[in-house]
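In: How does the following fold in three dimensions:
(chains A and B)
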2 protein chains.
Amino acid sequence: MSVDRLIDTEPVIATAGVEVLQKALLDQAAPTGAADWRPPAPGTEDALATLAARGTTGPANDLAVQRMLAVRPELAGIGVARDVIPGMTDTTFLHAGPPLTWERSSGPIRGALIGALIYEGLAADEVEAAEIGEWGGITLSPCHHHQTVGPMAGIVSPSMPVAIVRNAAGDGVAYATLNEGLGKVLRYGAYGPEVIERLQWMEAVLGPVLAMTLQKTGPIDLQTLIAQALQMGDDGHNRNRAATSLLLRAIGRGLIENDAEPVDDRAKVFEFIDRNDHFMLNLVMAAGKLAVDAASGVPGSSLVTTMARNGTDFGIRVSGTGERWFTAPAPVVDGLFLGGFSAEDANPDIGDSAITETVGL
Amino acid sequence: MSVDRLIDTEPVIATAGVEVLQKALLDQAAPTGAADWRPPAPGTEDALATLAARGTTGPANDLAVQRMLAVRPELAGIGVARDVIPGMTDTTFLHAGPPLTWERSSGPIRGALIGALIYEGLAADEVEAAEIGEWGGITLSPCHHHQTVGPMAGIVSPSMPVAIVRNAAGDGVAYATLNEGLGKVLRYGAYGPEVIERLQWMEAVLGPVLAMTLQKTGPIDLQTLIAQALQMGDDGHNRNRAATSLLLRAIGRGLIENDAEPVDDRAKVFEFIDRNDHFMLNLVMAAGKLAVDAASGVPGSSLVTTMARNGTDFGIRVSGTGERWFTAPAPVVDGLFLGGFSAEDANPDIGDSAITETVGL
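Out: Residues are numbered from 1 along each chain as shown, chains lettered A, B, ... in the order given. Down below sits the predicted model:
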């Protein structure tokens, strides 16, 4: 900049990182330019300088984001986990978050695995199920390694019905279990008789009825549905009342017309979804999984493509480093507790549902 | 106020009516009190002074508002206008807004009356219908005189199915037609074959199917439904997507279970409502009518209980003056027009739907 320009023109003030300075200038209508900058974490300075000098991160991130935004998720159908999820076997049990062993797993994961073993008929009771877990009678694998996501414990066992969410604008499929509702449910680690009975009903009735209904309706455009729901007060993670309402609108006619199946079953399916505003959560998660998988594996991209917790570890994955996990201990969430419980009763953070935040919801 | 207080204490600044002064003081954290005041309309000073001196308006308005807020509207059923609406006869045709004659009525009202006469089988065609209108072969009466409200032309003829909205917390019933959707519809004054056929389908299928479904579901709490919808981006008048979604949730199970009626009819009913986000408008209007009727007739109350237009006049009614209308020419709305049309093509304002604004939506 020549000295003349400094003297002859209005100064423009540059700020870096500290928003309050930028805001004070804007409030005074001063011409200003803000750099989106923050200090590097201690110890990362050299690595960041190398990356910055290379100059590939920006274009790589543009490409990764572009791939993510190009995805158009649609609910294409309902299948059975063992039939549709890549890499499932009769003894594969998927779980939330980064890789985990029975030994390192927390109460909710073990509880949900016990429940799933009983549900699958592989164990008669809690004791037998825990023994199977301990001697390694089942293969544990992260949902995220199988184009799948699961809320909380995120256990997906072979017989469970799963939503098939397809990219209508290209390749890619993602899967998620169907949401059980609130209260005593497998994903919180509960495995009492009512939990197992609900899972059996979901397998025998909910899955098949929805599968047949979706054949009547055709694929449901989740992109449009979620976009509308966000404008109607949903956050796509903990509030999904609008999205669940719009989903029921999308399948209602199909449920009425689907008269190959008993009226009572179809009425129960409508009611089950109507009574559970979290029903859409799992579908939003699958839509998110489709988006991050599309953005994964772009060389040089620093875009975070996974944030997921297994109740023991918190793991992230980054586009440029592909399948590699970076983990740290899962934190205890500073949350509200039901009466009589406190942070001391809490399990460390758990679930793949942070996929919603990963895609920016 | 003693002079000592003026000197010894912090001054508190009073403002009257002009919000910008009040706001400037608040921004400076100055102690301030605001009077909700505006200048009287020219010529009303003496009357207002008399009312103010009497001191009864405030308590009367409190009572009227209290009665309005105590109403709990619920959708109790669907009936046929001639069977349920007080004062209906086989030749009574209700219309929107204040009282009106055929001679003074505008295009949309005449068009809708012609359509309704053809629909009722009282006229074979447009010419015959207009003749009946001209010689006074039908009795015109405002919806508002019959516990009823109708959007736009607001024509209610004897055979039409109507929603029955009841006060779950006391006395009172209100009625509204079922919304026809957008495009060529009776309430805009259209009377072509597709309009008449749709009305016939609504009478033969929509009304009976919904009536039977509501017997299955029981009454639907409109208070809760509308309150939620307002938090989901609806305004209750021109945007009713959330409310219509929640209504479909409320009746979906009933439509599936209601297997006394043909599958195709029930599927068509679900689809008809699903394709028309204005469906809930008429029900919100009936809920509003219930509220204003409860607030009407409180001596001394200046609460406006009706704002309605018939395409010629704009009329209001006030609680303290009960059934009496105060009218002025209906204005032409400053709105957006479909391509090729302008304000010159517009009819003056029309419809009872301003009931939504009357109750504060």
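In: Tell me the spacing between residue A:309 and residue B:34.
Out: Per CB to CB, to the nearest Å, residue A:309 is found 51 Å from residue B:34. C-beta coordinates here come from the backbone N, C-alpha and C atoms, glycine included.
In: What about residue A:121, how many residues nearby?
Out: A count of nearby residues for residue A:121, using other CB atoms under 10 Å in any protein chain shown, gives 8.
In: When residue A:309 and residue B:34 are compared, which one has more neighbours?
Out: Taking neighbours as other CB under 10 Å, residue A:309 and residue B:34 compare with residue A:309 leading, 26 against 17.
In: The more buried one reaches residue A:355, doesn't it?
Out: No - under the criterion of CB atoms under 8 Å, residue A:309 makes no contact with residue A:355, lying 11.1 Å away.
In: Could you list the domains of chain A?
Out: Following automatic domain parsing, one gets these domains for chain A: A:1-35, A:71-358.
In: hey, least reliable of the ones you listed by pLDDT?
Out: Of all these, the minimum mean pLDDT falls on domain A:1-35 (a mean of 80).
In: tell me how far it is from the chain's mean position?
Out: Mean C-alpha position of domain A:1-35 versus that of the full chain (CA atoms, centre = their mean, to the nearest Å) differs by 41 Å.
In: In contact with the residue in the stretch 151-300 of chain A positioned nearest to chain B, which residues?
Out: Of all residues in the stretch 151-300 of chain A, residue A:245 sits closest to chain B, at 3.9 Å by CB to the nearest CB. For residue A:245, the contacting residues are B:242, B:245, B:246, B:248, B:249, by CB atoms under 8 Å, 6 or more residues apart in numbering or on different chains.
In: if you set the cut-off to 10 Å instead, what comes out?
Out: The contact partners of residue A:245, taken as CB atoms under 10 Å, 6 or more residues apart in numbering or on different chains, are A:225, A:228-229, A:232, A:234, A:273-274, A:277, A:280, B:228-229, B:232, B:241-242, B:244-249.
In: Tell me the residues on the stretch 101-250 of chain A that lie near chain B, please.
Out: A:216, A:228-229, A:231-234, A:241-242, A:244-250 (CB under 10 Å from any CB of the partner chain).
In: all strands of the stretch 251-361 of chain A, in order?
Out: A:304-310, A:313-318, A:326-329, A:350-351 (DSSP state E, counting those that start in this stretch).
In: Just name the most buried of those strands.
Out: Across the strands of the stretch 251-361 of chain A, the average number of neighbours (mean count of other CB atoms under 10 Å in any protein chain shown) peaks for strand A:350-351, which reaches a mean of 27.
In: From the contact counts, what lies against that strand?
Out: helix A:107-119, strand A:304-310 (3 or more CB pairs under 10 Å, 6 or more residues apart in numbering or on different chains; DSSP states H and E).
In: could you dump the first one to PDB, C-alpha only?
Out: Only the C-alpha atoms of helix A:107-119 are listed here, as PDB (Å, rounded to 0.1, in the frame of the first residue of the first chain):
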ATOM      1  CA  GLY A 107     -23.400 -49.900  30.800                       C
ATOM      2  CA  PRO A 108     -25.700 -48.700  28.000                       C
ATOM      3  CA  ILE A 109     -23.800 -50.500  25.300                       C
ATOM      4  CA  ARG A 110     -23.600 -53.700  27.300                       C
ATOM      5  CA  GLY A 111     -27.300 -53.500  28.200                       C
ATOM      6  CA  ALA A 112     -28.300 -52.900  24.600                       C
ATOM      7  CA  LEU A 113     -26.000 -55.800  23.400                       C
ATOM      8  CA  ILE A 114     -27.600 -58.100  26.000                       C
ATOM      9  CA  GLY A 115     -31.100 -57.000  24.800                       C
ATOM     10  CA  ALA A 116     -30.100 -57.500  21.200                       C
ATOM     11  CA  LEU A 117     -28.700 -61.000  22.000                       C
ATOM     12  CA  ILE A 118     -31.900 -62.000  23.700                       C
ATOM     13  CA  TYR A 119     -34.000 -60.500  20.900                       C
END
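In: which strands and helices sit next to it?
Out: Counting by 3+ CB pairs under 10 Å, 6+ apart, helix A:107-119 packs on strand A:92-95, helix A:126-135, helix A:193-201, strand A:350-351.
In: Go again with 6 Å.
Out: Applying 3 or more CB pairs under 6 Å, 6 or more residues apart in numbering or on different chains; DSSP states H and E, we find helix A:107-119 packed against helix A:126-135, helix A:193-201.
In: and the angle from the last one to helix A:107-119?
Out: Orientation note: helix A:193-201 sits at an angle of 60 degrees relative to helix A:107-119 (axes from the mean of the first three to the mean of the last three CA atoms, to 10 degrees).
In: now helix A:193-201: how far from the chain's centre is it?
Out: Helix A:193-201 sits 24 Å away from the centroid of its parent chain (CA atoms, centre = their mean).
In: Give me the contact list for that helix.
Out: A:115, A:118, A:119, A:180, A:184, A:186 (CB atoms under 6 Å, 6 or more residues apart in numbering or on different chains).
In: Which pair of those residues spans the longest distance?
Out: Using CB to CB, the two most remote members of those are A:118 and A:180, lying 15.1 Å apart.
In: Neighbour count: those two, which is higher?
Out: Neighbours were counted for residue A:118 and for residue A:180 using other CB under 10 Å; residue A:180 has more, 24 against 21.
In: Tell me who's in contact with that one.
Out: residue A:198.
In: Distance-wise, check it relative to residue A:117.
Out: Taking CB to CB, one finds residue A:180 at 17 Å from residue A:117.
In: Buried ones only from the residues of the stretch 101-250 of chain A next to chain B, please, as a ChimeraX command.
Out: In ChimeraX, this line selects whichever of these come out buried by 16 or more other CB atoms under 10 Å in any protein chain shown:
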select /A:228,229,232,234,241,242,244,245,246,247,248,249,250
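In: Now tabulate the helices and strands packed on helix A:107-119 in CSV and tack on mean neighbour count and distance to residue B:127.
Out: Output for those, formatted as CSV (neighbours: other CB atoms under 10 Å in any protein chain shown; distance: least, CB to CB, whole Å):
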stretch, mean neighbour count, distance to residue B:127
helix A:126-135, 16, 82
helix A:193-201, 16, 63
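In: Any chance of the helices and strands packed on strand A:350-351 in JSON lines with distance to residue A:88 as columns?
Out: Output for the helices and strands packed on strand A:350-351, formatted as JSON lines (distance: least, CB to CB, whole Å):
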{"stretch": "helix A:107-119", "distance to residue A:88": "13"}
{"stretch": "strand A:304-310", "distance to residue A:88": "19"}
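In: And the helices in chain A?
Out: For chain A, applying DSSP state H gives helices covering A:3-8, A:19-27, A:45-54, A:57-70, A:81-84, A:107-119, A:126-135, A:193-201, A:207-217, A:222-231, A:241-257, A:263-274, A:279-295, A:355-358.
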